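**Student:** Give me the fold of what follows.
(one chain, ligands or ions: 1)
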Amino acid sequence: MFESIPVEVGLVHEGERVRKQDMQVELGGPSVLEKFEIVRVRKMDEIIDGTIEITGPDISEMPEGKATPIGILVEIAGEKVEPDLEGVVERRIHEYSNYIEGFMHLNQRYDIWIRLSKKSYKKGLNSLRYIGLVMLDLFKNELPIIEKIQITFITDPREIQPLYAEALKTYEARDARARGLSDDDVSEFYGCALCQSFAPTHVCVITPQRYANCGAISWFDGRAAAGIDPKGPIYAIPKGECLDAEKGEYAGVNESAKQRSMGEVNRVWLYTAFGYPHTSCGCFEGIAFYIPEVDGFGIVLRSYRDLTVNGLAFSTMADSTAGGRQIDGFHGISLEYMRSKKFLDADGGYRRVVWMPKESKERLAEFIPADVVPAIATESDVHNIDELKNFLAEKHHPVTERWAADAAAAEDAAPQVQVFSAGDIPITTPGFRIILKNAKITAEKVIIQPIRPHTKPGGEHN
Ligand code: SF4
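**Tutor:** Below you'll find the model as predicted:
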């Protein structure tokens with residue numbers, strides 16, 4: 001099927017990583033501001049089937065080891081092809097292009113990050129035309145409702161700019177469509193297992209109020225995809241009994257997660273970052289990260305390049321968040337989920353959010369309760385946790401009520417807690433080393449108190 005392509009193409013190459021030192025070129029990625037991929041539905045007579053166009057320099061003309069702007073426009077037509085399908089067909093760009101040996105595609109929409117390996121380049125993969133040929137074949141074979149398709153790669157920044165602006169408007173219109181619909185209005189959710197090549201136990205659960213982590217698939221998109229290809233990677237999940245409305249636990253979702261994760265994930269709580277949180281692959285648009293010192297959440301989007309308030313960058317926390325695991329306090333999220341009324345609902349929603357980048361806060365301000373907006377700190381207000389604590393106290397952020405409640409509970413509990421016991425050995429006596437091997441310790445509460453030096457009669461210290 002791919003005889004004309006100079007490298008291998010197949011499932012076996014999905015999930016391959018191309019490290020910086022091994023890359024011939026990078027297309028898009030963190031250092032390129034304007035980049036996009038988009039699928040648009042056209043009328044049959046608007047498409048010349050099989051056309052691949054390249055506007056701007058091709059791979060062989062790009063400087064080695066450097067990042068280049070990129071736009072990918074895929075136009076499709078067919079009797080049964082509807083605009084509802086644009087989002088799901090678009091997500092297949094990620095899947096299909098990753099089949100190409102030495103070609104790594106990450107993220108989606110305005111966030112794409114592509115690398116081509118030196119090895120594949122040396123084998124002859126020196127033109128975007130090859131990438132287009134693979135995509136043409138796979139789209140038509142895997143999604144037969146597509147009768148006509150044409151692909152344009154844009155690498156000239158002057159050409160990218162207007163198309164990028166138009167693409168942003170299209171994404172926003174798609175996202176806005178699912179707003180207003182609630183989980184209670186539907187009997188089915190949708191699951192997506194497209195990212196299992198990167199995180200084998202991860203499945204996205206897409207509900208009207210929880211957009212996919214990658215920000216590319218809404219509940220409407222899920223419905224359209226499951227309708228045209230019910231056995232494909234996007235499938236219907238009958239909700240089943242609601243087991244916990246606040247946390248967002250449904251019998252049908254648990255059952256589906258169990259099956260699709262091969263028994264690794266047995267329960268999913270859709271609207272909390274604790275307990276049994278929704279898993280994260282690696283494509284999430286942002287991370288909600290717990291800050292124990294203030295009992296609140298920080299939010300960081302992928303586009304934020306600086307360190308966050310806890311001293312960690314997005315990329316560092318992404319390692320802790322990704323991989324299809326359920327990790328307390330590191331939670332992959334999409335931008336659209338942050339606009340949902342159910343956003344981290346069981347944890348307090350925005351009343352628990354204490355820090356986010358200024359740009360994100362301004363962008364989402366209309367979805368944050370008006371009284372909380374001024375109390376959420378940004379990089380312009382604070383630079384570390386101590387400053388954050390002071391800021392939150394000064395602004396009477398809702399989390400400060402939790403601090404007062406926690407302090408009162410600690411005081412009540414203190415007299416009943418045995419601080420430490422180690423037989424007859426006074427633990428603070430100098431000269432002893434206490435080693436606990438293979439110990440399993442559980443504690444109701446841990447209290448750390450400063451040790452004050454004993455004062456002997458006459459004022460001498462031990
Ligand atoms: S992040 Fe989720 S919805 Fe998006 S492609 Fe991956 S599995 Fe599918």
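**Student:** how about the residues of the chain near the ligand?
**Tutor:** R91, C192, L194, C195, C204, A212, N213, C214, A216, I217, C281, C283 (C-beta under 6 Å from any ligand atom). C-beta here means a position set from N, CA and C on the backbone, and glycine is covered the same way.
**Student:** number of nearby residues for the second one?
**Tutor:** Other residues within reach of C192 by the criterion other C-beta atoms under 10 Å amount to 28.
**Student:** Next, the contact list for the nearest residue to it once chain neighbours are set aside, please.
**Tutor:** Once flanking residues are discounted, C192 sits nearest to C204: 4.4 Å by C-beta to C-beta, 6 or more residues apart in numbering. When contacts are counted by C-beta atoms under 8 Å, 6 or more residues apart in numbering, C204 is found next to G191, C192, A193, C195, A212, N213, C214, I217, H278, C281.
**Student:** the strands in the stretch 1-150 of the chain, which residues?
**Tutor:** Using DSSP state E, counting those that start in this stretch, the strands of the stretch 1-150 of the chain run over residues 23-28, 36-41, 52-55, 67-68, 71-77, 103-106, 113-117, 148-154.
**Student:** Show me what the second one is packed against.
**Tutor:** Under the contact criterion of 3 or more C-beta pairs under 8 Å, 6 or more residues apart in numbering; DSSP states H and E, strand 36-41 touches strand 71-77, helix 86-97, helix 157-178.
**Student:** Need the ones you listed in CSV (columns: mean pLDDT).
**Tutor:** Formatted as CSV, the helices and strands packed on strand 36-41 follow (pLDDT from 0 to 100):
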stretch, mean pLDDT
strand 71-77, 98
helix 86-97, 93
helix 157-178, 93
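**Student:** ok, which stretches of the chain are helices?
**Tutor:** With helices called from DSSP state H, the chain shows them at 86-97, 118-122, 128-142, 157-178, 219-228, 251-260, 314-321, 358-364, 385-394, 399-413.
**Student:** tell me which helix or strand of the protein sits lowest on mean pLDDT?
**Tutor:** None of the helices or strands of the chain scores lower by mean pLDDT, DSSP states H and E than helix 399-413, at a mean of 82.
**Student:** Who are the packing partners of that helix?
**Tutor:** helix 385-394.
**Student:** Run through the residues that contact T308.
**Tutor:** F289, G298, V300, F314, M317, W355, P357.
**Student:** quick check: domain ranges of this protein?
**Tutor:** 11-177, 179-283 (automatic domain parsing).
**Student:** Can you tell me which of the ones you listed is most buried?
**Tutor:** domain 179-283 (a mean of 20; mean count of other C-beta atoms under 10 Å).
**Student:** what's the span of that domain, first residue to last?
**Tutor:** 22 Å (C-alpha to C-alpha, to the nearest Å).
**Student:** which one is D111 nearest to, not counting chain neighbours?
**Tutor:** R302 (6.0 Å).
**Student:** residues contacting L128?
**Tutor:** Here L128 is in contact with I52, I54, D58, I59, F153, T155 (C-beta under 8 Å, 6+ apart).
**Student:** coming back round to it: now the helices of the chain in TSV, with distance to L106?
**Tutor:** What follows is these, written out as TSV (distance: least, C-beta to C-beta, whole Å):
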stretch	distance to L106
helix 86-97	8
helix 118-122	16
helix 128-142	15
helix 157-178	17
helix 219-228	20
helix 251-260	22
helix 314-321	11
helix 358-364	20
helix 385-394	31
helix 399-413	34
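**Student:** I'd like the distance between the closest residue to the ligand within the stretch 1-150 of the chain and G215.
**Tutor:** Across the stretch 1-150 of the chain, the shortest distance to the ligand (C-beta to the nearest ligand atom) belongs to R91, at 5.1 Å. Distance of R91 to G215, computed by C-beta to C-beta, to the nearest Å: 10 Å.
**Student:** tell me, what's touching the two both at once?
**Tutor:** The contact sets of R91 and G215 overlap at Q108 (C-beta under 8 Å, 6+ apart).
**Student:** and the residue lying closest to F284 once chain neighbours are set aside, what pLDDT?
**Tutor:** In space, and not counting its chain neighbours, F284 is closest to G332: 3.1 Å by C-beta to C-beta, 6+ apart. G332 carries a pLDDT value of 96.
**Student:** Do I have it right that G332 meets I299?
**Tutor:** No. G332 sits out of contact with I299 when judged by C-beta atoms under 8 Å, with a separation of 11.6 Å.
**Student:** Can you check which residues contact both of those two?
**Tutor:** Joint contacts of G332 and I299 (C-beta under 8 Å, 6+ apart) are G286, I287.
**Student:** picking up where we left off before, can you redo the residues of the chain next to the ligand as CSV with distance to A165?
**Tutor:** Shown next, in CSV, are those (distance: C-beta to C-beta, whole Å):
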residue, distance to A165
R91, 22
C192, 28
L194, 28
C195, 28
C204, 28
A212, 24
N213, 25
C214, 22
A216, 19
I217, 23
C281, 29
C283, 24
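**Student:** quick check, nearest of those residues to P230?
**Tutor:** C192 (13.4 Å; C-beta to C-beta).
**Student:** tell me the contacts of the closest one?
**Tutor:** V203, C204, I206, A212, I217, G222, P233, I234.
**Student:** go again using 10 Å as the cut-off
**Tutor:** 88, 91, 202-206, 212-214, 216-217, 221-222, 225-226, 232-235, 260, 281 (C-beta atoms under 10 Å, 6 or more residues apart in numbering).
**Student:** Specify the beta-bridge partners of it.
**Tutor:** C204, I234 (DSSP bridges).
**Student:** wait, I59 sits on G132?
**Tutor:** No. Counting by C-beta atoms under 10 Å, I59 does not reach G132; the two are 11.7 Å apart.
**Student:** which residues do the two both contact?
**Tutor:** Common neighbours of I59 and G132 (C-beta under 10 Å, 6+ apart) are F153.
**Student:** distance of the closest residue to E142 other than its chain neighbours from E401?
**Tutor:** Closest residue to E142 apart from its sequence neighbours, by C-beta to C-beta, 6+ apart: R92 at 7.3 Å. R92 sits 47 Å away from E401, going by C-beta to C-beta.
**Student:** P233 is in contact with C195, isn't it?
**Tutor:** Yes. The criterion here is C-beta under 10 Å, and P233 meets it with C195 at 9.0 Å.
**Student:** what residues are up against R174?
**Tutor:** P83, D84, E86, G87, E90, R109, A216, I217, S218, F220, D221, E336.
**Student:** Check pLDDT for those and point me to the minimum.
**Tutor:** Ranking the contacts of R174 by pLDDT, D84 lands last with 86.
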